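Colleague: dropping the sequence and predicted coords here.
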Amino acid sequence: MLVVGGGPGGSTAATLLCKQGLRVVQLEKDRHPRFHIGESLLPANLPILDALGVMDKVRALGVLKLGADFPSQDGNYQTFHFRRSLGSTPPHAFQVKREEFDQMLFEHARASGVDARENVKVEKVDLGGVGQVVAHAKDAAGAALTIRAKYLVDASGRDTLLGNALKLKRKNDAHQSAAIFAHFTGVEARPGDDAGNISIYNFEHGWCWFIPLREGVMSIGCVCRPEYLKQRRGRNEEFLLATLASMPDAQRRMQQARIVSDVRVTGNYSYTCERMHGPGWVMVGDAWAFVDPVFSSGVYLAMHSGKQAAALVGAILEQPAREAALQAAFEKRIRRGVRVFSWFIYRFNSPVMRHLFAHPGNQWQLEQGVISMLAGDVFDNPLVMRKLKLFKFVYACYGVRDLRRWLGELLERRRQAKVAFSGGNTPVDPA
């Protein structure tokens, strides 16, 4: 088996394939540790971490996260606690530094028997079907490597190896965003049990996260419309601080704050590949689609699809004639979860969604349904799916009640998409 990519999705798939008794080679183009965005895990991650056998390691790396909080109308904040979810997801999760988390998963894959190699970049793959995969790669010294495998799991992230090679990648004109972020110390923590929660703030051009990490570090970032980020002049640090100053609730927590990392900028341009699989291969995580970093849903989706891909490949090797049917079932499942997250993400900064989160109510268990979604319960729970459909109906009703505002929001999203796809979608310069 060949797994391309050393992130959470790739390491999950590689480890679980190895646990099936298969010989697995995993190739990562960079060397761990390497910085990555997406530090707030979901409760639904925890059963996967249990299956991998790394829960004790995650506890040592992470900060306990019991929920997510949003500003309320009284100037305080409203916490959505995971313990109130409708499904069987755990009542907590963890916040982690991704460079530590990703390295731990990669090294655990190696310790589990995976032939996990770093600084090896796959440049070309010949796909001939089950048992006929040939990858051509180079190591850090430039030496050529040829690897023959029965199956390929593409977990190459936003590099999307096969998406680019097979020309499958399609930008999503419904949602474009960019992000600017850094690590701080001296940021005021929430009191008591809420100290490890993720905090979310909205501002005119987007939204902001506060993610508590170990040793008093706070990850703070702003997800913005690309055209807003392009207005910055001078240093990225000054632009980030000015953006945070536009959110009084966030600014109050930063009176003693100090930046302790580089200020990074990234263009988070959403995309989906037209196909998720083919004869002898399957994509997982961002290799297939990238939506947005809300609540680090991408980390969960990568690990979930990595777990499902390992089961898929094992089943295909036992029954090669059923490959197409098994892949179709895999795709249906993954698309279902991505659709749920995407609906919320695309509307997350809308006036209607801001109102609903600022005025939560649990009539018909709608609040609990949303909490279940925030926990990552987006695949198998019929009750949660019914509550989320009802929430969409309520969202539409609020939109109709305030039709002018709703239409303004819709037209603005379309205008942003038009700007992005008429030459304004050049990736943001991180310098």
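Modeller: Thanks, I have the structure now.
Colleague: what is the mean pLDDT for the lengthiest helix in the chain?
Modeller: As assigned by DSSP state H, the longest helix anywhere in the chain is helix 323-347. Helix 323-347 carries an average pLDDT of 92.
Colleague: any idea how far that helix is from the chain center?
Modeller: Offset of helix 323-347 from its chain centre (Cα atoms, centre = their mean, to the nearest Å): 14 Å.
Colleague: go ahead and name everything in contact with that helix.
Modeller: Residues from elsewhere that reach helix 323-347, judged by Cβ atoms under 8 Å, 6 or more residues apart in numbering: 130, 174-175, 276-277, 279, 282, 288-289, 291-292, 294, 297, 301, 304-305, 308-309, 312, 315-316, 319, 353, 373, 378-379, 385, 388, 392, 395, 413. C-beta here means a position set from N, CA and C on the backbone, and glycine is covered the same way.
Colleague: for PyMOL, what selects the buried ones among those residues?
Modeller: Typed into PyMOL, the next command selects the buried ones out of these (criterion: 16 or more other Cβ atoms under 10 Å):
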select buried, resi 130+175+276+277+282+288+289+291+292+294+297+301+304+305+308+309+312+315+316+353+373+378+379+385+388+395+413
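Colleague: tell me the helices in the stretch 101-250 of the chain, going along the chain?
Modeller: Secondary structure of the stretch 101-250 of the chain (DSSP state H, counting those that start in this stretch): helices at 161-165, 226-229, 236-245, 248-251.
Colleague: quick one: Pro320 and Leu326, what's the gap?
Modeller: 10 Å (Cβ to Cβ, to the nearest Å).
Colleague: who has more neighbours, those two?
Modeller: Taking other Cβ atoms under 10 Å, Pro320 and Leu326 do not tie; Leu326 has more neighbours (20 against 15).
Colleague: unless I'm mixing things up, Asn119 is touching Ala140, no?
Modeller: Yes - using Cβ atoms under 8 Å, Asn119 is in contact with Ala140, at 3.8 Å.
Colleague: and whichever strand in the chain runs longest, which residues are buried?
Modeller: As assigned by DSSP state E, the longest strand anywhere in the chain is strand 169-185. Neighbour-count burial for strand 169-185, counted by 16+ other Cβ under 10 Å, picks out Lys169, Asn172, His175, Gln176, Ser177, Ala178, Ala179, Ile180, Phe181, Ala182, His183, Phe184.
Colleague: how about JSON lines for those residues, with distance to Pro91 and pLDDT added?
Modeller: Formatted as JSON lines, the buried residues of strand 169-185 follow (distance: Cβ to Cβ, whole Å; pLDDT from 0 to 100):
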{"residue": "Lys169", "distance to Pro91": "38", "pLDDT": "93"}
{"residue": "Asn172", "distance to Pro91": "33", "pLDDT": "79"}
{"residue": "His175", "distance to Pro91": "30", "pLDDT": "70"}
{"residue": "Gln176", "distance to Pro91": "35", "pLDDT": "73"}
{"residue": "Ser177", "distance to Pro91": "30", "pLDDT": "79"}
{"residue": "Ala178", "distance to Pro91": "34", "pLDDT": "82"}
{"residue": "Ala179", "distance to Pro91": "29", "pLDDT": "88"}
{"residue": "Ile180", "distance to Pro91": "32", "pLDDT": "92"}
{"residue": "Phe181", "distance to Pro91": "28", "pLDDT": "94"}
{"residue": "Ala182", "distance to Pro91": "30", "pLDDT": "96"}
{"residue": "His183", "distance to Pro91": "27", "pLDDT": "97"}
{"residue": "Phe184", "distance to Pro91": "28", "pLDDT": "98"}
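Colleague: right, I'll leave it there.
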